[in-house]
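Participant: coordinates only, sequence not included:
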Ligand SMILES: Cc1cc2nc3c(=O)[nH]c(=O)nc-3n(C[C@H](O)[C@H](O)[C@H](O)COP(=O)(O)O)c2cc1C
């Protein structure tokens, strides 16, 4: 698959078929993704891959906690890092609202339907039905440049998944269950959970998969200086 097709066809998939993903595929993706660059070649990523009984067991643990205390949602055990700044300024606030509206419109959940929104949000903790759940962690001593490196690793995983016909969804929501996840994984104290990633075969018929988050035009975020007119790239 051409890298441009991998980029163009990736989207955050929030409904998966239960078709298993064999371990060699997951190993191949995670190993190849380590070609991602990192400042100083620190390679600050660590990844935990769950499937089968391990995945079922973690999901059951979280589901039991939610069933016992539904009022804990959406915050769960509390995020271990601020996913967004407390005051999300423009244009970020509006972009977030737009994508939220598109997501909930796709599944017919009205803006004022808080239980409906929370139900959808809780699907995060089922990995949206994916047969593989990944967790990405990083050493606590590292800073934002290394978190950025981890992001590049994760994006490379997402694009390599496309080469196998697979889809993904990044899941910062898992930080809300960081205590449960860290204990389940046996995460060392010096590591912090960044996010989860659902991995599997997309359910093509699920309405939640059948919309696309918009992007701003190139002119709004790229500034060019000093170029001379050249032939356009072939698409
Ligand atoms: C690091 C990261 C964490 C994310 N966390 C969540 C999440 O917890 N739940 C969710 O439904 N989507 C999550 N997303 C998906 C974003 O909402 C999505 O990437 C964005 O709206 C753009 O849509 P697209 O990925 O379909 O192009 C996350 C994405 C990234 C990169």
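Facilitator: Cool, the structure landed. Here the structure is a predicted model, which is why all the values come from computation and not from measurement.

Participant: Just after the helix ranked longest in the chain, pick out the following helix or strand.
Facilitator: Secondary structure of the chain per DSSP state H: the longest helix is helix 144-163. Once the chain leaves helix 144-163, the next helix or strand it forms, by DSSP states H and E, is strand 167-171.

Participant: quick one: the helices in this structure?
Facilitator: 3-9, 23-33, 52-68, 92-106, 114-122, 144-163, 178-185.

Participant: For this structure, give me the ranges with low pLDDT.
Facilitator: Scanning the chain for pLDDT under 70 picks out the ranges 235.

Participant: list the contacts for the residue nearest in space to the middle of it?
Facilitator: In the chain, the residue lying closest to the centroid (Cα atoms, centre = their mean) is residue 170, at 0.3 Å. By Cβ atoms under 8 Å, 6 or more residues apart in numbering, the residues touching residue 170 are 12, 154, 158, 195, 196, 197. For every residue, glycine as well, the C-beta is placed using N, CA and C.

Participant: next one: residue 18
Facilitator: Contacts of residue 18 were listed using Cβ under 8 Å, 6+ apart, and they are 129, 131.

Participant: Relative to residue 203, how far out is it?
Facilitator: Counting by Cβ to Cβ, to the nearest Å, the gap from residue 18 to residue 203 is 9 Å.

Participant: Find residues that contact each of those two.
Facilitator: Common neighbours of residue 18 and residue 203 (Cβ under 8 Å, 6+ apart) are residue 129.

Participant: counting contacts, what elements does the longest helix of the chain pack onto?
Facilitator: helix 3-9, helix 23-33, strand 132-139, strand 167-171, strand 191-200 (3 or more Cβ pairs under 8 Å, 6 or more residues apart in numbering; DSSP states H and E).

Participant: Tell me how far it lies from the chain's centre.
Facilitator: 10 Å (Cα atoms, centre = their mean, to the nearest Å).

Participant: now stretch 196-214
Facilitator: 12 Å.

Participant: Give me every residue in this protein lying close to the ligand.
Facilitator: Within the chain, the positions adjacent to the ligand are 11, 12, 14, 99, 124, 169, 170, 171, 172, 173, 195, 213 by Cβ under 6 Å from any ligand atom.

Participant: Can you turn the buried part of those into a PyMOL selection?
Facilitator: To isolate the buried subset of those in PyMOL, counting by 16 or more other Cβ atoms under 10 Å, use the following:
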select buried, resi 11+12+14+124+169+170+171+173+195
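
Participant: now the residues of the chain next to the ligand in TSV, with distance to residue 50?
Facilitator: Converted to TSV, the residues of the chain next to the ligand look like this (distance: Cβ to Cβ, whole Å):
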residue	distance to residue 50
11	23
12	19
14	18
99	27
124	14
169	15
170	16
171	13
172	17
173	16
195	14
213	26
